[in-house]
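>>> quick one, fold the following:
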Amino acid sequence: MSATNRQSRLDTLKIREAEGTLTEKERTELDAIFAELDTEEAVALKPAIEKHQAFINSLLDEEAELEATIAQLQVIVTTQKQLVEDARAYLMQLQTKRAILADKYHALTGEKLTGGR
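Reported below is the predicted structural model:
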């Protein structure tokens, strides 16, 4: 059946269905036409669906790469924060040691220790 004839027959069957006058044979014919249309549509859409799926897969791959990069960057940030904390703690230790030395110097000489910061 040509596409024009099939469309005409489909229109006729849909009208009969809407009217409630569709016979069982016509129901079978209507279902067959719909099945043909579904098959044709699936064949026509297959390249687009495959292209779309490939695009989705590439996005998923990119997302995985970005998540791995984010995880690595988070490790760097955490390590950097720890370095800053370690430096602050070390500075506090040095300041405490210097204060102790300044106190000892003052006790021995009666003078204030100068120099440094």
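>>> Glu62: what secondary structure?
Following DSSP: H, G, I helix; E, B strand; the rest coil, the label given to Glu62 is helix.
>>> so which residues of this structure form strands?
Counting by DSSP state E, the chain forms no strands at all.
>>> which stretches of it have low pLDDT?
1, 116-117 (pLDDT under 70).
>>> quick check, central residue of it?
By Cα atoms, centre = their mean, the mean C-alpha position of the chain lies nearest to Glu63, the distance being 5.2 Å.
>>> if I look at that one, how far off is Asn57?
Per Cβ to Cβ, to the nearest Å, Glu63 is found 11 Å from Asn57. For the C-beta atoms, the positions are set from N, CA and C on the backbone; glycine is no exception.
>>> what's the local residue count around Phe34?
The tally of other residues near Phe34 (other Cβ atoms under 10 Å) stands at 13.
>>> and for Leu13?
Leu13, neighbours per other Cβ under 10 Å, totals 19.
>>> next one: Glu50
Going by other Cβ under 10 Å, the residues that sit close to Glu50 add up to 10.
>>> measure it to Tyr105 for me?
82 Å.
>>> with Leu73 instead?
47 Å.
>>> of these two, who's got more company?
Each of Leu73 and Tyr105 has its neighbours counted (other Cβ under 10 Å); Tyr105 has more, 14 against 10.
>>> my guess is the more buried one contacts Gly115. True?
No - using Cβ atoms under 8 Å, Tyr105 is not in contact with Gly115; the gap is 10.4 Å.
>>> hang on, Leu22 packs against Thr28?
No - in this structure Leu22 lies outside contact range of Thr28 using Cβ under 8 Å: 10.0 Å.
>>> helices along the protein, start to end?
3-19, 24-109 (DSSP state H).
>>> and the angle for the shortest one with helix 24-109?
This means helix 3-19. 90 degrees (axes from the mean of the first three to the mean of the last three Cα atoms, to 10 degrees).
>>> who touches helix 3-19?
Met1, Leu22, Glu26, Arg27, Glu29, Leu30, Ile33, Glu36, Leu37 (Cβ atoms under 8 Å, 6 or more residues apart in numbering).
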